[in-house]
Structure formats: C-alpha cells, structure tokens
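**Student:** I would like the atomic coordinates for the input below:
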Amino acid sequence: MWYNGVFDPVVIREGDGAVNAAREIWKKALVVLGEQLTSTTIRTWFSDAYAVAVEENTLVLCAPEEFKRDIIEQRYKKDVEKALSELFSQEFSLRLVDEETARRWQSGELKQPFLPGTEDYTFQTFVVGASNRFAYNAARKVAENPGLSYNPLFIYGASGLGKTHLLYAIAHAVHDAHPEWKVMYVKSESFVNELIEILRSQERYMDAFRKKYRDVDVFLMDDVQFVAGKNASEEELFHTFNTLHEQKKQIVFTSDRPPQEMLRLEERLRTRFEWGLAADIQPPDYETRVAIVKNKAVARGVQLPDSVLQYVAENITANVRQIEGTVSKLVAMHELEGAQINVDNVIRALRDMLSTKNEFLPSPDLIINEVAQFYNIDPEVIRGEGQSKSVSAARNVAMYLIRSMTGLALQEIGAIFNNRHYSTVISSIKRVESLLKTDPDLGEIIRDLKSSINGKFE
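**Tutor:** Numbering: from 1, shown residues only. Below is the predicted model:
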C-alpha cells in the first residue's frame with residue numbers, strides 16, 4: 001500500500017472492522033455536512049447511502065438508486081468532499097458506486113491502482129544518459145535493497161530533470177517486490193502544511209501524524225528544500241528521520257540543491273542528509289535528449305522523423321519536462337488538426353508552448369499568499385498598515401518578488417498594498433536588494449519562495 005497526503009492514512013477494505021471504520025468516517029462527514037446543508041436535503045439524498053471503503057484519500061460511497069447518485073454527483077459531491085477535507089485537513093475526494101460495484105469493491109475484486117497517475121514513471125521508462133546515470137543506478141540499488149544500500153539517498157538537481165520520476169520508480173519497484181510494505185511518498189510542502197494545520201487546531205492528531213510518517217517501510221520526500229527554515233517541520237522531520245533510520249527503513253529525498261547549500265537548514269538535519277549518498281542529476285546531453293524525445297513519442301504511438309528528433313533535441317537543452325510538453329503538443333496537433341509532424345510544425349509547437357508558458361506569470365495574490373504562508377502571517381495583514389518588524393519584512397519580500405517575477409509597474413504594486421505610494425514600493429525593493437548582498441539567509445528565503453511559486457505552474 002502507499003500513503004500520500006492524508007494525516008491519518010487509511011486503506012480500508014478487509015473485514016467487518018474495516019467496513020465499520022469507513023462507515024464511522026461517513027458518520028462524521030454527515031455531521032459536518034449538517035452544518036452546510038439542510039436536514040431535509042440530507043434525508044432526501046443521503047438517507048440510504050453508505051460507506052464502502054476509504055482508500056488513500058478517496059471515500060467510496062454507495063448510493064443504491066441511480067437518480068440519487070446522479071443528484072449527489074451533480075449537486076452535492078463538492079460539499080461532501082469539502083466535509084471530508086475538513087475532517088482530514090487535506091484534500092479528499094468522493095467516488096460514488098452502485099450496489100454491485102460496492103459488493104465487488106468489498107470483496108476485493110476492485111482495487112485502487114498503486115500510486116494512481118504514476119504508472120508510467122518506472123525505471124523501465126527512465127531514459128538513462130551520462131547526466132543521470134549515477135543517480136539512476138543509486139535509485140535502482142536502493143529499490144533492490146531498501147534500507148541496506150545508501151540510506152538516505154539524496155537526489156538533487158534543477159527542476160524538470162527526472163528527480164520525481166526516480167522517486168516514483170523506487171516506489172513501484174519496492175511495491176512490486178514487497179506489495180505488503182508501506183511506501184510513503186510526500187512533497188515537503190504537504191508535510192509542512194499538514195503539520196501547520198495540526199498545530200493550529202488539531203493537536204490531538206499529532207500522534208496520528210507521527211505514526212503516519214514513522215510507521216512505514218520506505219519514506220520518499222520530494223523537494224525537501226522547502227522544510228529549511230521552518231522550525232517545527234524541521235523538528236518533526238529530524239525525529240522522523242531518526243526513527244526510520246534506526247529501524248533500517250529506507251529514506252530518499254530530492255532537492256534542487258545539495259545538502260551543504262541548504263543554508264537555512266538546521267545543522268543536525270543537514271548532517272543526516274549527508275549520512276548516505278548524494279547523487280546529482282544534470283541537464284541531459286544531446287544523445288540523451290534525442291532518446292527522450294524518441295521514447296516519449298513512441299509511448300504516444302508516434303514515430304518521429306530524424307529531422308524532428310534532432311530539432312527538438314537541439315533546441316530544448318535544459319528541461320526534460322519541456323521535451324515531454326513539446327512531444328505532447330506535436331502529437332495533439334497531428335491528432336486534432338491532421339498536421340504533419342515536420343520541423344515547421346515543431347517550430348510552431350515550440351512557439352505555442354513557450355508563449356503559453358510565459359502568459360502564466362504568477363499573480364500578485366499568489367505571491368502574497370506564498371509569502372504569507374512562509375512567514376505565518378495573514379495575507380491581508382501583509383497588504384495592510386501593520387508596521388511590526390515581521391510584517392514589514394514579509395511585505396518588503398512580497399513587493400520585491402512581485403516586481404521581479406511579474407514586472408508590474410511600481411504604482412500597480414503600491415495599489416495592491418493598500419494604495420501605497422510608488423516611492424514606498426521603491427524603498428521596500430531597495431531594502432531587500434541591499435540585504436541580499438549581506439544576508440545569505442534572506443537569499444535562501446527568496447530562492448525557496450521563487451521555487452515554490454514557480455512550482456505552481458509545473
């Protein structure tokens with residue numbers, strides 16, 4: 001089984017106790033729904049609905065009558081998912097089934113796929129070249145001997161080079177060899193947000209939070225750099241690491257930088273990242289890029305002419321994700337428009353893809369929300385008139401990032417921050433620029449915030 005993103009992981013399928021647990025969750029969800037919907041609505045549409053199972057972050061709910069299933073699907077599904085998300089402090093989804101499907105689900109005939117949506121991310125589909133061979137071989141070794149070889153494994157490199165692919169590949173390989181093992185994959189941002197929510201309002205769930213992350217056989221954390229500088233998260237990750245390492249459970253991290261460059265990370269945690277093996281991934285060389293283009297096209301059922309392979313490989317040099325996007329665009333143009341797959345249409349696909357990407361600049365609201373989350377300050381407080389040291393620092397950083405990442409005019413930025421004069425914006429930006437010359441911690445903060453903001457579009 002695998003766990004991803006729910007503070008109290010449940011994969012409920014077997015036996016009466018499991019069914020009762022699923023139904024207990026549904027009862028609690030109905031209580032929350034009662035605060036959103038009228039009692040008449042709940043009686044009318046949910047009176048004969050019952051929980052079948054909870055798998056990962058999905059509640060399987062049986063509504064025996066077809067017309068009621070349709071009504072719930074069309075009108076109330078979002079309300080139910082909202083109620084479940086409130087219960088678990090994490091995104092939750094609803095799946096509606098009929099009685100026959102419910103019977104088959106409870107009997108075990110129907111099963112959720114392992115790591116749904118990642119089936120294509122295996123070692124077999126990872127294109128190996130000089131730039132990534134070391135990290136690939138290390139990941140394979142870890143998957144073959146979890147907890148015994150290179151623990152922890154720390155994979156680092158720029159965005160879009162295949163780090164997450166290798167994490168998923170490890171997860172699939174371990175699952176194939178040991179289907180009964182618990183494999184935990186989590187983005188560090190989810191780990192941090194989950195902990196913040198528990199500390200704010202649900203501290204009684206702290207034991208469940210710790211059990212979720214420490215009672216596993218393989219622990220995979222993506223983008224661990226976002227934990228740096230967040231004291232409570234670093235503390236929890238430190239103790240999680242120690243617990244798992246002492247039990248010889250496999251730990252794998254990915255990051256956009258090596259441990260020694262994570263300047264805001266606590267020394268005791270940074271040294272633990274260095275206990276095992278650090279493996280970097282560099283941008284792929286030309287031959288590897290050609291192989292990636294060819295493999296991605298074959299996976300889509302398309303054979304590309306050599307001239308197209310060469311053009312894409314020569315013009316996209318730094319990011320595997322952009323190569324994938326270009327191939328997908330080409331195939332879509334061919335399937336939907338009947339366009340020939342030639343160099344002229346590759347140029348068009350590249351132009352469309354890059355111009356579309358450039359249109360999606362981060363909004364000021366997104367930047368302010370990311371800064372607010374980092375500094376643990378309400379976004380409206382940052383926009384407002386507060387002058388405490390922490391609020392002023394957050395506001396200055398937000399103004400600096402909006403200016404550097406969106407190019408908005410100074411007057412427009414001032415308007416966002418309670419109609420401040422543009423001279424105030426200039427002063428805030430210059431203050432940040434000056435501090436960046438002498439304060440390496442602030443440089444790390446800016447770097448992390450930019451990575452987090454840009455990650456919303458990847």
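**Student:** Now do the strands in this protein.
**Tutor:** Secondary structure of the chain (DSSP state E): strands at 2-3, 11-12, 50-55, 58-62, 93-97, 153-156, 183-187, 218-222, 250-255, 277-280.
**Student:** Would you single out the least confident of the ones you listed?
**Tutor:** Ranked by mean pLDDT, the strands of the chain end with strand 11-12 at the bottom, a mean of 33.
**Student:** Contact partners for the residue most central in space within the chain?
**Tutor:** Nearest to the mean C-alpha position of the chain, counting by Cα atoms, centre = their mean, stands Lys187 at 4.9 Å. Lys187 is in contact with Met221, Asp222, Asp223, counting by Cβ atoms under 8 Å, 6 or more residues apart in numbering. Yep, even glycine has a C-beta here, placed from its N, CA and C like the rest.
**Student:** can you tell which of the strands of the chain is closest to Leu37?
**Tutor:** Closest of the strands of the chain to Leu37 is strand 93-97, at 14.3 Å (criterion: Cβ to Cβ).
**Student:** ok, now which ones touch the residue nearest to Lys182 when sequence neighbours are not counted?
**Tutor:** Nearest residue to Lys182, sequence neighbours excluded (Cβ to Cβ, 6 or more residues apart in numbering): Val216, at 4.4 Å. Contacts for Val216 were tallied using Cβ under 8 Å, 6+ apart; they are Tyr3, Lys182, Val183, Met184, Leu244, Lys249.
**Student:** Low-confidence stretches in the stretch 301-450 of the chain?
**Tutor:** 318, 351-361 (pLDDT under 70).
**Student:** For the stretch 51-200 of the chain, just list every one of the helices.
**Tutor:** Along the stretch 51-200 of the chain, counting by DSSP state H, counting those that start in this stretch, helices occupy 66-71, 77-88, 99-107, 133-144, 163-177, 188-201.
**Student:** Buried residues in the last one, which are they?
**Tutor:** This points to helix 188-201. Under the neighbour-count criterion of 16 or more other Cβ atoms under 10 Å, helix 188-201 has Ser188, Glu189, Ser190, Phe191, Val192, Asn193, Glu194, Leu195, Ile196, Glu197, Ile198 buried.
**Student:** Where is pLDDT lowest across these?
**Tutor:** Ranked by pLDDT, the buried residues of helix 188-201 bottom out at Glu197 (76).
**Student:** And the residue nearest to it when sequence neighbours are not counted, its phi and psi?
**Tutor:** Of all residues not flanking Glu197 in the chain, Ser89 sits nearest, at 4.3 Å (Cβ to Cβ, 6+ apart). Recorded main-chain torsions at Ser89 are phi 50, psi 40, according to degrees, to the nearest 10.
**Student:** Tell me how many other residues crowd Ser89.
**Tutor:** Applying other Cβ atoms under 10 Å, we find 21 residues neighbouring Ser89.
**Student:** Quick check: it touching Glu194?
**Tutor:** Yes: between Ser89 and Glu194 there is a contact under Cβ atoms under 8 Å: 6.5 Å.
**Student:** what's the first-to-last distance across stretch 51-64?
**Tutor:** 11 Å (Cα to Cα, to the nearest Å).
**Student:** For the stretch 201-350 of the chain, which segments are assigned as helices?
**Tutor:** Using DSSP H, counting those that start in this stretch, helices in the stretch 201-350 of the chain cover 206-214, 231-246, 267-273, 286-299, 306-315, 320-337, 343-359.
**Student:** any chance of the ones you listed in CSV, plus distance to Glu380 and mean neighbour count?
**Tutor:** Supplementary listing: the helices of the stretch 201-350 of the chain in CSV, determined by distance: least, Cβ to Cβ, whole Å; neighbours: other Cβ atoms under 10 Å:
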stretch, distance to Glu380, mean neighbour count
helix 206-214, 29, 17
helix 231-246, 23, 17
helix 267-273, 33, 15
helix 286-299, 44, 18
helix 306-315, 44, 17
helix 320-337, 35, 18
helix 343-359, 28, 14
